[in-house]
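# Let's see this in three dimensions:
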Amino acid sequence: MSFVRTLARPMLASSFVLAGVEKLKNADDTAQQLSPLLRKATASLPFRTEEKTLARVIGGVQVGAGVLFGLGKFARFSATLLTVISALNTFVEWRSADISTKEARVARRNQLLKNLSLAGGALLASVDTVGKPGLAWRAEHLAADARKGASHLAADARKTTGKKLHKADKAVRRAVDQAKGA
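Purely as a prediction, here's the structure:
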């Protein structure tokens, strides 16, 4: 892992971990804040659960994914989880923010930009291949190599077939000439 990744991952993860710990500590407040989304989530789940429990799960996932990301373990998967959670938090915080005063609107905008920046950083990290080619790049180059190899094989086959046909043609002409002479 490069020095920059070693330094940047824990820096980015720290915000998510601390926010997740706050969600776990204040599960009632988190459940109230996330209430519109959690109601829909609890209704769609095949089992009964409370909104407070889901708020704790979200906080726990945020802490776990943040720690894994900070350590560089399952970094792409954990960054993807953090991106989803960050987008969810951004939406909820933006909708529930106070906009009654000019200062409150400025604070709402600043919070929105901070959350979008964190989500963008996590999104970038979710596609980071640590300097190694990703699966799409590998598949594309494997296909290109296969096409190149197939075209070389086809050219070799045409060349070999052409030589064989030329030899066969010469042999047939010689046989015909001998048959005419006899």
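# what's the lowest-mean-pLDDT helix or strand in the chain packed up against?
The least trusted helix or strand in the chain, going by mean pLDDT, DSSP states H and E, turns out to be helix 35-44, with a mean of 72. Where contact means 3 or more Cβ pairs under 8 Å, 6 or more residues apart in numbering; DSSP states H and E, helix 35-44 is packed against helix 51-71, helix 75-96. In short, each C-beta sits where N, CA and C put it, glycine included.
# Sketch out the low-pLDDT regions of this protein for me.
Low-confidence segments of the chain, defined by pLDDT under 70, are located at 1, 38, 42, 131-132, 134-135, 182.
# ok now whichever helix in the chain runs longest, how far from the chain's centre?
With DSSP state H applied, the helix covering the greatest number of residues in the chain is identified as helix 135-181. Centroid separation for helix 135-181 versus its chain: 44 Å, with Cα atoms, centre = their mean, to the nearest Å.
# Next: stretch 170-182.
70 Å.
# Convert the C-alpha atoms of it to PDB, please.
What follows is stretch 170-182, C-alpha atoms only, in PDB (Å, rounded to 0.1, in the frame of the first residue of the first chain):
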ATOM      1  CA  LYS A 170       3.000 -27.700 -58.900                       C
ATOM      2  CA  ALA A 171       2.800 -31.500 -58.200                       C
ATOM      3  CA  VAL A 172      -0.500 -31.700 -60.200                       C
ATOM      4  CA  ARG A 173       1.000 -29.800 -63.100                       C
ATOM      5  CA  ARG A 174       4.100 -31.900 -63.100                       C
ATOM      6  CA  ALA A 175       2.000 -35.100 -63.100                       C
ATOM      7  CA  VAL A 176      -0.200 -33.700 -66.000                       C
ATOM      8  CA  ASP A 177       3.000 -32.800 -67.900                       C
ATOM      9  CA  GLN A 178       4.400 -36.300 -67.400                       C
ATOM     10  CA  ALA A 179       1.100 -37.900 -68.400                       C
ATOM     11  CA  LYS A 180       1.100 -35.800 -71.600                       C
ATOM     12  CA  GLY A 181       4.700 -36.800 -72.400                       C
ATOM     13  CA  ALA A 182       4.100 -40.500 -71.900                       C
END
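# Now do the buried residues in that stretch.
The neighbour-count criterion (16 or more other Cβ atoms under 10 Å) identifies no buried residues in stretch 170-182.
# before we move on, what about stretch 31-50?
Within stretch 31-50, the residues that qualify as buried by neighbour count (16+ other Cβ under 10 Å) are 31, 33, 34, 37, 38.
# Quick check: of those, which lies closest to residue 168?
Of all the buried residues of stretch 31-50, the one with the least separation from residue 168 (Cβ to Cβ) is residue 37, at 77.2 Å.
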